[in-house]
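J.: Starting from these lines, generate the structure:
(2 chains)
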Amino acid sequence: GAGVSQSPSNKVTEKGKDVELRCDPISGHTALYWYRQSLGQGLEFLIYFQGNSAPDKSGLPSDRFSAERTGGSVSTLTIQRTQQEDSAVYLCASSLAGPAKNIQYFGAGTRLSVL
Amino acid sequence: AQSVTQLGSHVSVSEGALVLLRCNYSSSVPPYLFWYVQYPNQGLQLLLKYTSAATLVKGINGFEAEFKKSETSFHLTKPSAHMSDAAEYFCAVRGGNAGNNRKLIWGLGTSLAVNP
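T.: Here you go, the predicted structure:
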């Protein structure tokens, strides 16, 4: 597609349920990032995939959060046993590889509301 | 280690007035610096970037930013604000070395309001 696509755009769930958020990056982009943006906050880095390298998971806030990227393309962010503090907008971005690149292209995000 | 500080979480200007959004960074290597904009209910998009070429960088929508090494600053400016400029603006930095570490370090953002 022309841009980064995220689905669903909105997700309402009950506390304790698991949710899966999907990100479809720009074709040919080898790097993929997940961020969380809480109300009134900046961007919180969650996880970063680069090609076939082991992902950088240093930003995941707890072991309830996990992400995978299959076939070097689509990525899924999974939040298990959701809590109300997980409510936020989850943003995905992708970028080309190369040392002078790193322009990140963002999707519109998934707004997660945990009731 | 790199870090970014955006001074002022909220800035309000009148339509037609100068826009100045401040960003200071720290970096142990020559930095690459970015400004992104997030319009309401949309994802972030790149406004402009500095990657060690010209210190005055021009971006989209009439915005520009000047890299000042002596001040470790990369402030964003626009001579005349337009109502459509109302958005959240984020400054980000990454290290200048090549390699696998391409995480951007983000500021907390500045919300720009433009008053008629």
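J.: Got phi/psi on the residue lying closest to A:E85 once chain neighbours are set aside?
T.: Leaving aside its sequence neighbours, A:E85 sits nearest to A:V114 (CB to CB, 6 or more residues apart in numbering or on different chains; 7.9 Å). For glycine as for every other residue, the C-beta is placed from the backbone atoms N, C-alpha and C. The phi and psi values for A:V114, taken as degrees, to the nearest 10, are phi -110, psi 120.
J.: Which residues are in contact with A:V114?
T.: A:13-15, A:82-87 (CB atoms under 8 Å, 6 or more residues apart in numbering or on different chains).
J.: Quick one, which of those residues are buried?
T.: Among the contacts of A:V114, those classed as buried by 16 or more other CB atoms under 10 Å in any protein chain shown are A:13, A:82, A:86-87.
J.: From these, list the ones also adjacent to chain B.
T.: The subset of the buried ones among the contacts of A:V114 within reach of chain B, counting by CB under 8 Å from any CB of the partner chain, is empty.
J.: Which single one of these is nearest to A:A93?
T.: A:D86 (19.6 Å; CB to CB).
J.: how close does the closest residue to the closest one other than its chain neighbours sit to B:G43?
T.: Closest residue to A:D86 apart from its sequence neighbours, by CB to CB, 6+ apart: A:V114 at 5.3 Å. Distance, A:V114 to B:G43, by CB to CB, to the nearest Å: 21 Å.
J.: One more: B:S9?
T.: Counting by CB to CB, the gap from B:S9 to B:G43 is 20 Å.
J.: With B:V114 instead?
T.: 21 Å.
J.: Likewise for B:E66?
T.: In this view, B:E66 and B:G43 are 26 Å apart by CB to CB.
J.: can you check A:S58 too?
T.: In terms of CB to CB, A:S58 sits 23 Å off from B:G43.
J.: Between these two, point out the one with more neighbours.
T.: Per other CB atoms under 10 Å in any protein chain shown, whichever of A:S58 and B:G43 has more neighbours is B:G43, with 21 against 10.
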